[in-house]
Every structure is written in C-alpha cells, then in structure tokens.
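Asker: Structure of the sequence below:
(4 chains)
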There are 4 protein chains.
Amino acid sequence: MTHKIAILGASGYTGAELVRIIATHPSMEIVALSAGRKAGMEMGAVYPQLRHLDLPTLVTMEEIDFTGVDLVFAALPHGLSQALVRDLPQSVKVVDLGADFRLRDPAAYETWYGAAHVAVELQKQAVYGLTEFYRDEIRGARLVAGTGCNAATVQYALRPLVSAGLIDLDRIICDLKNGISGAGRSLKENMLFAERATNVEGYAQGGKHRHMGEFDQEFSALAGRPVEIIFTPHLVPASRGILADCYVEGDPGAIHAALARRYADEPFVTVLPFGQAPGMGHVTASNQCHIGVIGDRKKNRALVVSTLDNLTKGSSGQAVQNANLMLGEAETAGLMLAPVFP
Amino acid sequence: MTHKIAILGASGYTGAELVRIIATHPSMEIVALSAGRKAGMEMGAVYPQLRHLDLPTLVTMEEIDFTGVDLVFAALPHGLSQALVRDLPQSVKVVDLGADFRLRDPAAYETWYGAAHVAVELQKQAVYGLTEFYRDEIRGARLVAGTGCNAATVQYALRPLVSAGLIDLDRIICDLKNGISGAGRSLKENMLFAERATNVEGYAQGGKHRHMGEFDQEFSALAGRPVEIIFTPHLVPASRGILADCYVEGDPGAIHAALARRYADEPFVTVLPFGQAPGMGHVTASNQCHIGVIGDRKKNRALVVSTLDNLTKGSSGQAVQNANLMLGEAETAGLMLAPVFP
Amino acid sequence: MTHKIAILGASGYTGAELVRIIATHPSMEIVALSAGRKAGMEMGAVYPQLRHLDLPTLVTMEEIDFTGVDLVFAALPHGLSQALVRDLPQSVKVVDLGADFRLRDPAAYETWYGAAHVAVELQKQAVYGLTEFYRDEIRGARLVAGTGCNAATVQYALRPLVSAGLIDLDRIICDLKNGISGAGRSLKENMLFAERATNVEGYAQGGKHRHMGEFDQEFSALAGRPVEIIFTPHLVPASRGILADCYVEGDPGAIHAALARRYADEPFVTVLPFGQAPGMGHVTASNQCHIGVIGDRKKNRALVVSTLDNLTKGSSGQAVQNANLMLGEAETAGLMLAPVFP
Amino acid sequence: MTHKIAILGASGYTGAELVRIIATHPSMEIVALSAGRKAGMEMGAVYPQLRHLDLPTLVTMEEIDFTGVDLVFAALPHGLSQALVRDLPQSVKVVDLGADFRLRDPAAYETWYGAAHVAVELQKQAVYGLTEFYRDEIRGARLVAGTGCNAATVQYALRPLVSAGLIDLDRIICDLKNGISGAGRSLKENMLFAERATNVEGYAQGGKHRHMGEFDQEFSALAGRPVEIIFTPHLVPASRGILADCYVEGDPGAIHAALARRYADEPFVTVLPFGQAPGMGHVTASNQCHIGVIGDRKKNRALVVSTLDNLTKGSSGQAVQNANLMLGEAETAGLMLAPVFP
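Answerer: You can find the predicted model right below:
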C-alpha cells in the first residue's frame, strides 16, 4: 500500500532531504509540495539534483487539498506549524520537523521561543520524536514532534547514562561540531561561503541555544530532578553532520557497557568498541548514528562521542523513521541507504 | 534471484562505492571482498561508514573461491586485472573498473600504459562499458571494461555531436574540473588536504592524460577519421564530481536538439533546457549525468557542459548498471538513489 | 612622508583587503573609513581579524572631511563612484576599485552596466589600472580605474600575445576558476556555504559577463581590429584566487618566449619554465601573478595558464600598486608579502 | 644590522612559513636552507608560492657552513634536533621548533617520546619558548624550545588563571579544533584531501597526545602541585588554525578580568569584551592570538576560547618572535602582518 505524502516547506534543506529519501522509499508517494516565496516553481529548478524525479509543482500551503493525504511532513520555520496543524483534518497524521511541538510545557516554549504557543492542546498531545526512546507512543500518535538535530545527537550519547545514574548530572559538558546546513538555506552574512570556508566558530555558548529547552525537559524527566548540561555548538567548514564530544564523570567501562547494551538491537545506532571514537564523515547522508566511549587518564572521566547527519538522522531521516511507525510500515523502510564517503 | 558478487580491490574508493550501492541493491549479495595490504581487516574498520553492514572480511584475491560467484567487480590498480581475468572460471562474468580492457588496440594500450598487454585475446572480447552506447553488446558480454571517469563525462557531451557531424572535429576543447577522489586513496604529497584545500590546479595538460587513448579510440571510430581533442583536467577542492566544459564550433541550437533527442529516454542522463548549465554538486553520489548547452555571442560557437559523480556514474554506478544488464536485471536496479545535496 | 588615505566601502572584502595591506605599508596612514549600513561600527567588529589595529570608526561618506586626504580608494558597488569622484576636491587622488571608470566609451558602459554614465568627462580622463601596461599614465593620473579581477588575470596571459600577433584572434577561449570572494560579501542564496562547498558551477557563460566590455576594449585596441574572446568563469570551493586556462592557436614556444621576455623585469609577474603551469594556491594573499605555457600534442595549440589572488593582485593589491605610483612611492612598497600556503 | 639565518627542515610547512615571514622581515637574511629527501631542489620548486624570492638552494644539513650564521631555526622531525644542536658552534643561537627541548625532565621526555634524550645538558639549558611568559629568559638564551601549537593555544587561555588560583585545577577540559597543517606534510592516508574534506574527527583522546607532557610541566609548575587537564584535539576541514574551547569552574567575570589585565600590553594577544568568543578564521596567517570568555547559565562555570594560527603564532611566528628577542631586535619586527580573511 502506498501512502500519500505532503511536504510543507519543501524548499528548505530538510524539505529537499525528505524528497531525496522518499524518492526510493518503497511505500510513500509525494502528492503535494509547498513553499513560501518559491511557490509556483518546479522542485527541479529549486534543487537541480531532484531534476530526474517526477514531482508535483511547489504550491502555497493554502492551495493543497489535504483530502486523501495520509501524512504531512511540516518542515516549516519555527512558529508556523502550530496554527497549521491545528487546522488540518483530523485524519491527516503529522510529523513536524520544526520546534513547535518539542516542548511539552507552554511556559518552557515561551521562554525559549519568545512567544506564547497558539495550539496548547496539540502541544500536549504531541509525541517527542526520538524514535528509539518513544517508539510505542509514536506508533499510535497523530502528531510527532521531530527533535532538534543537536538534541538528538547528544541524547543518543547520554540518555542511557542519565537513566542508569552512571554519570554526575551536574558536570555534563557537550562540545558540538556542526555542519553549516543546520542553519538552513536562509540568507545570513555569516553563512556565506567565504565567511565559513576556513573558519570554526562557536555560537549561542553558555546556555543560550534553543535546544537547551529540549535537553532540560528530557534529561530532567529521566533523572527525576533538574539537570542542566553545558552545551557549545560550533560551525565547522562542512555542509552536513554533527559530532558531539560529551565530557562526563563516571566509570568509562560501565558507561560503554550501558550504551552497547542499550543499542545492541537498534538498526540505526552503532556503538564502537571501547576506546574508539567515530568521525563526522562516517555517517554522511545516512540515518546512522555512531557512538564511541574513551576513558581518560584521569580516573572516573569519560568522553562519549556521538555523530549523525543533521539533515538525515537528525531531521528528515528521523521524520521518515517516525512516519514509518505511524503508517504501520517497517521502521527501516527506505532508510537503509549507506553513508556516502568520501 | 540473488546474484553472488565478489569485489576485488574493495579497499579503494571505487570498491567502497560498489559496496555502498550494492548495500541497497535488490538482487545482489556480496560474498567476497579482496584487498592487498588490508587483507585480514574488516571492511568496517577500513571504511567506518560501512560498519552497520554485514560484510565478508577482506581477503587476498588468492583466498577467494570463485565457484558460485556470478559476477566479479575488479576495482584494481591499472595492470592487475589482465592476468586475473584470464585465469577466472569462464562462468564468472567480469566488470573491470580499471583501464586494462578499455583500449581495443594492444599498441594503443602499450602507448598509454607503458607495458605490453598480457591478455590480448580477452582485450579483443571486452566490451566498452559506456552503457548508453554499448547496451546490446554489454547484455551478452562476459567481460565489460568500465570507462575512465573523465572519458565518460566528455563522451556523454560529445558522442551524439561527433556522430551527427554537428561540430568541427579539429577544434574540440574540453576543460574539466575534477573532485580529488578521482586520484584514489593512494599516498601522494599533492593529494594531502592542506595541499588541495584552497587550490585549483591543472595536470597532464597538452594531451598527456591516459584517458586520451579512450577519446582517440571512441571519437575516431564514430567519425570514421582520426579525431584528437584538447583536454585539461583540474583538481578542485571537492571530493566527488567532474564538471566538463566542452568548447565546440557548430550551431548551438542544433547541438542542443541532438543531445536532447538522444537522451530523451535515458533514465540516467538529463539534458537541461537550452541556455542552462549544470553544476557539479547537482549529481553527487548518484548515477545521474546532467548536460547543458549554451550558445556564445560569437556565431557558431557552443559550450556543452556535462557533469557526473566520478565514483558513481563515472565508475562504480556505471559498473552496477552494466552488471544489471549482464545479469538480466532491470538496468536501473539499485541505482535510482537521488543525488545528495547539500 | 606618510600619505593620508581614505577608504570608501571599507566593509566589503576589497575594503578589508586594502586595510590588511596598508596595515604594514611603510608610508600610508588610514584616516577615514566609510561604509553604508555598517556606518557607526568599529572595523574590528565588522572584521575581527583587524581587531589589533588602531583604525578610525566606520562613517558614512558624507561624514568624511576630505581636506588633507591625499588619496581615496573607492571600493564601492558599481555605479556609486561616478558622482562621488566628480564631487571630490581636485587635490584628492582616486583609485576606484569598481567598474565605473573602466570603460572609456560611454556607449560600452551603458551596454554592459545598463545605465548612462553620469560623469562622462571623468570617464575619459580615467587611466585603466593594469599597472604593468599603463605605468606611465598612472604615475601622472588623478583617477585610476582598477581593472576587473577576471580581466586582469586574462590580460596578463594574453596582452603580449595579442600585441605581437602570435595567436589567432578569432579563437581565444578562456575558462576561469574563481574563488567565491569575487562575489563580494552580499547576501545571495547561491553564495551560502552549503551551496558552494562541494560544487563547481559556471555562470554568465556565452559572453554575458560584464568584464567582457573590458576584454573587448583592451584586446581590440591592442589588435587594431575587433577581438571577441570566449570566456567562462566558474565558482569553485575556495575563497580566494582565479586560475585562467587560456586556449589559443599559435606556436607554443614563441608564446612562451614572448611572455617570458615581457615580464622578465616585473616584480609581480612570474613566467614559469615552458611546460609548467601554476596552481591557484600558489599566489594566495599576495600581489603575485604566475603564468605558465604548455604546448599541446596538436600542432600550433597552446594553453596559457595565469593565476592571481582576486582580492590582492586582482583588486586591492593592484590598487595599492597604482597608488604607490600616483604618490611617488616605490611601486612595490608594502606589496612584497609572500603568498600564504597552505 | 642584518642577521644571517639558516633554516633546517625548510621543506616542511613550518619551514616554508619561516621563509614566508622572513621574506619581509627588516633585519633577517636567509643564508642556508636544508632539507632531507628534497636536498638539491630549489625552494620555489618545493613551494611554488616562494618562486619570486631569491633563496639559497636546499642542501643537506651536513653541507651547511655554520660559520657566520647568527641563528638557526630547526624545523626538524621530533628527535633530530638533539644531536644537531649539540654539535653546532657555540656562537650560533638556536630556535628549535620541534619537541626535543620542550620538556625539562629527561624522564618526562622519555615517557612522551619513547626514547632517551641524547643531549640532556642542553635540555636543561633550553628556555621554553612561550614568549609572553619567558621573555626575559629568552632574551639571554642560546637555545629556545618552541612550544607545541596546541600547548601554546591552551596556555594563553589558562596560565593566568592557574597562576591566580581562579579555577578548579581538577576540572579543566580543553576541546580543540585543529587545522590539518598541524600534521605536517607527511604522507598519511588519513591526511588525504578526500578523507578530511567533509569530516571532523578527534584523535589521541583521553590524555594520549604528546603535548600533554608540556601541559603537565607548565601547569604543575605554575600551580605548585600536579595538574592534569583533559584534552581532546580534533581534525577539522581547514588548513590552518587552532580553536581551543576550555571549560573551567570559576567566576567568569574574575576570569575575564584576569586575562584582560594580563594581556593588556601584549602586541600579539587580544582579549575580547566579556561574552564574546573568537573564530578560528580571525587570526589566519598572523602572529595574533584572540581570547574570549563566556559565562555559563550554570553558576561558576566559564568557557575560555582561545585561537591562533598553528603555523604562525603556534610555531614559526612564535619562533621569529623569540629570535627577535635573542638577536636584540624589536619583538614585533616582521610580525605585524594582519590576518588574511576571507
């Protein structure tokens, strides 16, 4: 059975990545694509790498007839999904790739996004889309909120450790190296090629990044007490990928064992042998996440390194993984593409 | 039916690319992988991006039992395929990704590769692997010689024009921009990151590149007279891709029409609307080739731009496309992966 | 004696490059810096790499008192220099880095820039800033018009050949590889890092680039008859540099000899031994231009390769070289910085 | 007065960088250049960007007559400087850019470099080359041991804090992002362009990097007790530069104040306003070091970010700075080159 799919915000990078993945998905068919300023254009003109595909023309959201649509991927700028999802027919399932439904607490949403939530009831029903940890809820959900890409990378590294009480919760430091596509296709001077090509630069340091809200929510819930991590993302001269170095206090061997055990049966998460760490280029354009644990010469200190592709496992691949579950398909359908290297 | 596949030279970039493609191929199964110095290692240690796959351990070629193998991909350094293919069981089909069987004339081989051919009979039987132009011969072949990646890029742009007599055969200039992976995974000082990262540099200019033998052979055969093109490859700071600018004398409109007509039904070659040219990043990690034609302000001068991914359509993707035909599968099986961008 | 310098348009890349060069110039002092939207900011905030310098705050052009200013570098968007230069005190010398005064013929200006020139008298008096060929006129000039960066690269390769009648004037093909900084610091989607990082793409092919006006003017004047070259620039994944491959018909040995002779005494132009070609990374951040000549296997065909840094020798370095002459300083003052590599 | 300079190991990146800097130094003249395998070649053939300079031919060390040489820069592979320096005439001053004389304790040397030191007396006399902290000793030294590039970057960030007791000495975590040139021009598979171009990868994690010996020596001496930091370097896709994120426990305001005060009069170290952090591209190809301090939302946690160019301030620029002092020149002579951007 083929599911009819609409992608809203198809002209952004995560939208294009959804199209790339679905192009070889065995049971999804794209029936509508929307864009803002680029409505009216062909997708192959906006993304020439999609030229060979037979795709619907980009339209505005208002022009889409959602009758018969099984599932909507909403890859919209933050803030635009709330009213939209509220107004969709109940029969349409939704995977939201933006931030609108990630935070369950309206007050937290307002703190981090600077505006009141306009669909508070939906916000409460939304399931957090970190598949490996919310699988059962996702299967039955109408609305799934895709995680932040940084939030996913760090949570794969740390959730089993926080749950098991294996690390000092007051001393978690996460230093991330981020491919530039995480900033999207928006026009900002600091995203120009010449500004980034031979540059590495942190941003939103000190606890100011919006994904902090997700970390606080998830880690505190797991721990049963408030947890605040230290978190620094950096722009590096690469288009895709996130590499997270998580410095923790705890027994390295126990940490590795807990991670290896937790992910032993997961198709998309691989834990490396103890003492090895992955590189960002090991998972490019795939739905894979690689995790490594290294013990420090200082006692009771470990480095947990986690990497994934922000556009795939961190966003559009995760979205398809969740949609597979919501639609009753195999979780891995269309997602076993091997990483591209070099 | 699943075909049993062996890959020789799996530790090089084209070998790894074969594994990447076959990982999601519906009817191929890898039963053996060989390497030279890296024999004994797991493929996931040599290429961590293949960690999640269940693959045979790398062995030496001598250790492989070819009984039951349906098809061998030989991704070996130039010169090593000749004796190997000669000694394989007749029942095993072979796609050679190296240069050993590209040139039909033993004298031409010796000129360009500096040594006598040791399997001259096989050389005569080998079919040249430019699928779109040798499709019928490839279907029935036991041995197919994959083209050079530069040779493929330029031939897609020019073969229909040479055949139809649409361009001046004495004034063909091809200026290529080449991703660094074309040089393979070999240790050369000028391939170090720091040497290439902000550099663009031509090499083998003036007619010295080994792919000249292929151009001479193919274009002269098509034209029925000797044809020598001018050809300059350049290393650019990118890992994958070839963009060929072919400057020709002839009517731009007629040139575009001939190309558009020739490739109208080809699943892997797209001709852009007249006046548009593709970019190298439009086909990354896919089996697609994009071609554009632009007329110059000078009368009777045209620029034909052709681009493909050297590791995919220019090498391993082409090899799988040919293997599909040799094994009786759909030509597109496993090859409809959309290009990766950004 | 120290000359007082004002830089207009200091917030762009060529403006910042002027500051970089002048920072170690023995006889220039920056007394004013202007910017548009960034007026009011400190230069070190706009360009953190200039933080350690003691520089005037950015102001609007109107706020500058030009009394006492010896020379103005105008690094403004095309079209803005005309009225400005017209209204400056006569005592102030001007080096314009934009396109406003490059074309001597007002009709040609209108053709290529789409608007009538508003300072036609000045346009006639402006000296074309290709120092090595207009040295004497530049020494006595009040207004020098910096060349286009592409125009400079190609002219260094071809002027001596056109002058000497060594090449077929109807068959000159120039294929350029251009660092992204040539597009300036303006916000365009196709200049984002993720769009360009693994991409190579031509633009303005077929004779549409504005620098064609300069080529037509200069080569036709040299030849005494209309000359139209074929010209294709390409964006490559590097910030700085232009590499021009010029395909010409003529005797390679004679071509090399003419170039070697012409530049034998030039401090900023080096001709390589016959048969060698330079790489774009050989001149980064310097005022050097490297030229190589290679003979083709086809008789009477040569490849002339020329490379320079678009921001230095192609723009701001050239501007300082011209200013040195206009101010009576040694032509090389402040400009002998060696290229940066890797 | 012009000082006569010999550079040993001139064919490596730090050797070439020394030549680049000295090319515009007002009082240094290069009289000899040595190389190993490349002895006999011209420097302009090994590094085409140095073509325009008039330099001595590369010779072997044995061929150099050290009579009349005032100062030697030894940019040799680790282990080769010891015997060499021991055998030089006493009149020749030496700046060693390698690791041979960085560690004062022979036992520590053997631990980190795996071999006994062969010039233990010299080792004791060598002055550690972190100019801003050993300025007086360097002025009178015959032998100065250049610091490791990582070691310099981190020490600029942390020395004043360790000295003043402002941070918890048991909880210092330094996460570094390193340009590839730090690995030198040696042939290693993981240094190939295609391996690094879109990759970020840590190495020598957990306390295994050789620069740990320097950190232990210097920080423990400052603190008067053993100090062990946690240190993770990463290869990022850039040729030059190191960005160090140092996570510390202490009062952010006091930390910033201590750093600002310490470096207020230093020509090569700039402390940014509180709350701002530098980018790696802000100091490229210069002798500048930029430092920023950011307070975390968690109390008593600070991030100190430090950046410099590993080939300049981290190695060859530092070497010239030290040589200037040893030769009685101004410390800044030849070193005020502004960073290159973009």
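
Asker: going forward, measure contacts between C-alpha atoms and count neighbours the same way
Answerer: OK.

Asker: next one: phi and psi at the closest residue to A:Gly202 other than its chain neighbours?
Answerer: Using CA to CA, 6 or more residues apart in numbering or on different chains and skipping the chain neighbours, the partner closest in space to A:Gly202 is A:His234 (3.9 Å). Main-chain dihedrals, A:His234, degrees, to the nearest 10: phi -140, psi 140.

Asker: A:His234 contacts A:Gly182, doesn't it?
Answerer: No. Using CA atoms under 8 Å, A:His234 is not in contact with A:Gly182; the gap is 10.7 Å.

Asker: which residues does the residue of the stretch 51-200 of chain A found nearest chain C contact?
Answerer: Nearest to chain C, among the residues of the stretch 51-200 of chain A, is A:Phe193, at 3.7 Å (CA to the nearest CA). Shown in contact with A:Phe193 (CA atoms under 8 Å, 6 or more residues apart in numbering or on different chains): C:Ile180, C:Met191, C:Leu192, C:Phe193, C:Ala194, C:Arg196, C:Ala197, C:Ser239.

Asker: the helices in chain A, which residues?
Answerer: Here chain A has its helices, by DSSP state H, at A:13-22, A:43-46, A:81-87, A:106-113, A:120-125, A:131-139, A:149-163, A:193-196, A:212-223, A:252-263, A:317-326.

Asker: Give me every residue in chain A lying close to chain B.
Answerer: For chain A, the contact set with chain B under CA under 8 Å from any CA of the partner chain comprises A:13, A:17, A:20-21, A:23-24, A:47-50, A:52, A:181, A:239-240, A:267, A:270, A:278, A:281-283, A:285, A:336-342.

Asker: Save the contacts of A:Phe193 as TSV, and put in pLDDT too.
Answerer: Converted to TSV, those look like this (pLDDT from 0 to 100):
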residue	pLDDT
C:Ile180	97
C:Met191	97
C:Leu192	97
C:Phe193	97
C:Ala194	97
C:Arg196	97
C:Ala197	96
C:Ser239	97
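
Asker: Identify, from these, the entry nearest to B:Ala75.
Answerer: Nearest to B:Ala75, judged by CA to CA, of the contacts of A:Phe193 is C:Ala197 at 28.4 Å.

Asker: Please report how far the residue nearest to A:Pro226 when sequence neighbours are not counted lies from A:Glu189.
Answerer: Computed as CA to CA, 6+ apart, the closest residue to A:Pro226 that is not its neighbour in sequence is A:Ser220, at 4.7 Å. Distance check for A:Ser220 against A:Glu189: by CA to CA, to the nearest Å, it reads 36 Å.

Asker: What of A:Arg196?
Answerer: For A:Arg196 relative to A:Glu189 (CA to CA), the value is 10 Å.

Asker: who has more neighbours, those two?
Answerer: A:Arg196 (27 against 16; other CA atoms under 10 Å in any protein chain shown).

Asker: thought the more buried one was touching A:Gly202?
Answerer: No. In this structure, A:Arg196 is not within contact of A:Gly202 by CA under 8 Å, at 11.8 Å.

Asker: Pull the residues that contact the lowest-mean-pLDDT helix or strand in chain A.
Answerer: Between all helices and strands in chain A, the lowest mean by mean pLDDT, DSSP states H and E belongs to helix A:81-87, at a mean of 90. Contact with helix A:81-87 is made by A:Ala74, A:Val94, A:Asp96, A:Gly98, A:Asp100, A:Phe101, A:His117, A:Val118, A:Ala119, A:Leu122, as judged by CA under 8 Å, 6+ apart.

Asker: Bridge partners for the second one, pull those for me.
Answerer: Taking DSSP bridges, one obtains A:Val72, A:Leu143 as the residues bridged to A:Val94.

Asker: OK, contacts around it?
Answerer: Counting by CA under 8 Å, 6+ apart, A:Val94 touches A:Leu71, A:Val72, A:Phe73, A:Ala74, A:Val85, A:Arg142, A:Leu143, A:Val144.

Asker: Just confirm the last one contacts A:Gly129, I think it does.
Answerer: Looking back up the chat, that one is A:Val144. Yes. Judged on CA under 8 Å, A:Val144 makes contact with A:Gly129 at a distance of 5.7 Å.

Asker: what does chain A have sitting close to chain C?
Answerer: Proximity of chain A to chain C (CA under 8 Å from any CA) is limited to residues A:180-181, A:185-189, A:191-194, A:196-197, A:238-239.

Asker: change it to 7 Å
Answerer: Proximity of chain A to chain C, by CA under 7 Å from any CA of the partner chain, involves residues A:Ile180, A:Ser181, A:Leu187, A:Lys188, A:Glu189, A:Met191, A:Leu192, A:Phe193, A:Ala194, A:Arg196, A:Ala197, A:Ser239.

Asker: Quick check: closest non-adjacent residue to A:Gln321.
Answerer: Closest to A:Gln321 by CA to CA, 6+ apart is A:Glu331, at 5.6 Å.

Asker: For burial, what's the neighbour tally of that neighbour?
Answerer: Residues within reach of A:Glu331, counting by other CA under 10 Å, total 18.

Asker: any idea how far it lies from A:Val19?
Answerer: Distance, A:Glu331 to A:Val19, using CA to CA: 18 Å.

Asker: domains in chain A, as residue ranges please.
Answerer: Following the assignment in automatic domain parsing, chain A carries domains at A:3-147+A:313-326, A:150-310.

Asker: Which residue, other than its chain neighbours, is closest to A:Leu259?
Answerer: Closest to A:Leu259 by CA to CA, 6+ apart is A:Pro160, at 6.4 Å.

Asker: Give me the pLDDT for the one you found.
Answerer: On the pLDDT scale, A:Pro160 is placed at 98.

Asker: same question, the one 4 residues further on
Answerer: Residue-level confidence at A:Ala164 comes out at 98, pLDDT.

Asker: And the least confident helix or strand of chain A, what's buried?
Answerer: Buried positions in helix A:81-87, judged by neighbour count with 16 or more other CA atoms under 10 Å in any protein chain shown: A:Ser81, A:Gln82, A:Val85.

Asker: cool, stretch A:307-324 as well?
Answerer: For stretch A:307-324, by 16+ other CA under 10 Å, it's A:307-324.

Asker: now do stretch A:103-117
Answerer: A:Leu103, A:Arg104, A:Asp105, A:Pro106, A:Ala108, A:Tyr109, A:Trp112, A:Tyr113, A:His117.

Asker: now stretch A:163-177
Answerer: Buried residues in stretch A:163-177, defined by neighbour count with 16+ other CA under 10 Å: A:Leu166, A:Ile167, A:Leu169, A:Ile172, A:Ile173, A:Cys174, A:Asp175, A:Leu176, A:Lys177.

Asker: Please apply the same query to stretch A:18-29.
Answerer: By neighbour count with 16+ other CA under 10 Å, stretch A:18-29 contains the buried residues A:Leu18, A:Val19, A:Arg20, A:Ile21, A:Ile22, A:Ala23, A:Thr24, A:His25, A:Met28, A:Glu29.

Asker: Now the terminal residues of it, how far apart.
Answerer: Terminal residues of stretch A:18-29 are spaced 12 Å apart (CA to CA).

Asker: and if you look at stretch A:50-57?
Answerer: End-to-end distance for stretch A:50-57: 12 Å, by CA to CA.

Asker: Show the average pLDDT along that stretch.
Answerer: Averaged across stretch A:50-57, pLDDT comes to 97.

Asker: quick one: the closest residue to A:Phe274 other than its chain neighbours from A:Ser220, how far?
Answerer: Of all residues not flanking A:Phe274 in the chain, A:Val293 sits nearest, at 5.7 Å (CA to CA, 6+ apart). A:Val293 sits 23 Å away from A:Ser220, going by CA to CA.

Asker: More neighbours: these two, which one.
Answerer: A:Val293 (29 against 17).

Asker: doesn't A:Val271 make contact with that one?
Answerer: No. Assessed by CA atoms under 7 Å, A:Val293 is found out of contact with A:Val271, at 8.3 Å.
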